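this is the structure alone, sequence omitted:
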């Protein structure tokens, strides 16, 4: 026959199972057992050892529980009789509050639904009225504006709209290269009869042809200019040698180079001399400060020594004065005691 502890454990398990807590916990426990072998081993050991342990505890505790039962059960009944009215009142109040809350919730929900329906009807009516007024106007504007709008293909990036195709991108790249060459290798200005005819609506093939022709013209022009310069170089050298300008140029170049080298050498010498002067200035400043402020440092040390001696002398003087005052007070006290003894009196001292 199961004992008190076993009955209590089974009743608690049944309550948890009845409310669904066991069913909710079983998947998680199984997952842990499948994931962690140590946990599975511990659960198996608990399943084997806990029921015998509960039975053993019941066998040990049942005599004590049976002895206490005649004293405890009347107390439990007394507590039940005392608490039952309060529990009943609490349950009644809870039921009343629950009914009141459900009633109010139903009323609020119905009122809210009515208001939402009213607002929706008002909004639909106003929307229909506004559409009735604006739709004819919008239709008229569309009929007037749409013929003048340029249709373009769909594009994710509006900046790249005219470069959507591969040919458009090639045309843009060649145009950029032509602009770069025009900046660094300018071509002499020529009248261009087709410059005004070029528009944004030119096809990609036309733009590619124009850019390729422009790049070719830039390169040919640069090659022609360099060739002319190279071919005219012997004539220029011969002319300059004949009129003596080559010699003058060579002499001036030699003079400028020599002057530059001499200036750099002089600058290097001046810089080295400046560094030497700076080092000498530092050493001189250190020696000057050492000689100039040596007397001041000696005076500071002497002043500190004198100040210490004066403080020691003041301390010694205070001690001497205190000692003399103490001796004076003792001598006066002794004289007063002698006078009192002559009169047959004495000083009574309290020794604590």
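Received, thanks. Please read these numbers as outputs of a predicted model, since none were measured by experiment.

got the domain ranges for the chain?
Following the assignment in automatic domain parsing, the chain carries domains at 4-121, 160-243, 253-352.

TSV please, covering those and showing mean pLDDT, distance to residue 134 and mean neighbour count.
Quick note: C-beta positions are derived from backbone N, CA and C, even for glycine. Listed next are the domains of the chain as TSV, based on pLDDT from 0 to 100; distance: least, CB to CB, whole Å; neighbours: other CB atoms under 10 Å:
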stretch	mean pLDDT	distance to residue 134	mean neighbour count
domain 4-121	82	21	11
domain 160-243	71	31	12
domain 253-352	87	84	10
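
now these as a markdown table including distance to residue 131?
Output for those, formatted as a markdown table (distance: least, CB to CB, whole Å):
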| stretch | distance to residue 131 |
| --- | --- |
| domain 4-121 | 16 |
| domain 160-243 | 33 |
| domain 253-352 | 88 |
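
now do the biggest helix by length in the chain: which elements does it pack against?
When the chain is scanned for its longest helix (criterion: DSSP state H), the result is helix 37-145. With contacts defined as 3 or more CB pairs under 8 Å, 6 or more residues apart in numbering; DSSP states H and E, the packing partners of helix 37-145 are helix 4-18, helix 21-35.

hmm, back to that, select, out of the domains of the chain, the one closest to residue 127.
domain 4-121 (10.4 Å; CB to CB).

and the closest one, how far from the chain's centre?
Computed by CA atoms, centre = their mean, to the nearest Å, the chain-centroid distance of domain 4-121 equals 48 Å.

moving C-terminal from the longest helix of the chain, which element do we reach first?
helix 166-184 (DSSP states H and E).

helices or strands next to the next helix or strand after that following helix in the packing?
The C-terminal neighbour of helix 166-184 among helices and strands, as given by DSSP H and E, is helix 204-243. For helix 204-243, the packing partners by 3+ CB pairs under 8 Å, 6+ apart come out as helix 166-184, helix 245-342.

any idea how far residue 83 is from residue 328?
Distance of residue 83 to residue 328, computed by CB to CB, to the nearest Å: 93 Å.

typo on my end, it should be residue 81
For residue 81 relative to residue 328 (CB to CB), the value is 97 Å.

now do residue 181
Taken as CB to CB, the span from residue 181 to residue 328 is 119 Å.

swap in residue 104?
From residue 104 over to residue 328 (counting by CB to CB), the distance is 102 Å.

try residue 120
Distance from residue 120 to residue 328, by CB to CB: 115 Å.

what do you get for residue 91?
100 Å.

cool, and residue 62?
For residue 62, the distance to residue 328 - CB to CB - is 99 Å.

ok, now residue 111?
Distance from residue 111 to residue 328, by CB to CB: 108 Å.

go on, residue 279?
Residue 279 is 73 Å from residue 328, by CB to CB.

show me the one of the helices and strands packed on helix 37-145 that comes nearest residue 294.
Residue 294 lies closest, by CB to CB, to one member of the helices and strands packed on helix 37-145: helix 21-35, at 85.9 Å.

could you give the angle of that closest one to helix 37-145?
Angle, helix 21-35 to helix 37-145, by axes from the mean of the first three to the mean of the last three CA atoms, to 10 degrees: 100 degrees.

who's in contact with helix 21-35?
With contacts defined as CB atoms under 8 Å, 6 or more residues apart in numbering, helix 21-35 is touched by 13, 16-17, 39-40, 43.

now with 10 Å, please.
Here helix 21-35 makes contact (CB atoms under 10 Å, 6 or more residues apart in numbering) with 13-17, 39-44.

so which of those is the closest to residue 239?
residue 39 (104.5 Å).

roughly how far apart are the nearest residue to the closest one once chain neighbours are set aside and residue 42?
Nearest in space to residue 39, with sequence neighbours left out and distances taken as CB to CB, 6 or more residues apart in numbering, is residue 32 at 5.1 Å. Counting by CB to CB, the gap from residue 32 to residue 42 is 10 Å.

over to residue 48?
11 Å.

before we move on, what about residue 63?
According to CB to CB, residue 63 stands 32 Å off from residue 42.

likewise for residue 88?
According to CB to CB, residue 88 stands 45 Å off from residue 42.

same question, residue 65
30 Å.

got it, and residue 14?
Distance, residue 14 to residue 42, using CB to CB: 24 Å.

and residue 277, by the same measure?
89 Å.

then residue 299?
For residue 299, the distance to residue 42 (CB to CB) stands at 89 Å.

and what of residue 297?
Distance from residue 297 to residue 42, by CB to CB: 84 Å.

kindly report the same for residue 66.
Residue 66 sits at a distance of 34 Å from residue 42 (criterion: CB to CB).

then residue 207?
The gap separating residue 207 from residue 42 is 80 Å, by CB to CB.

what do you get for residue 243?
Residue 243 sits at a distance of 112 Å from residue 42 (criterion: CB to CB).
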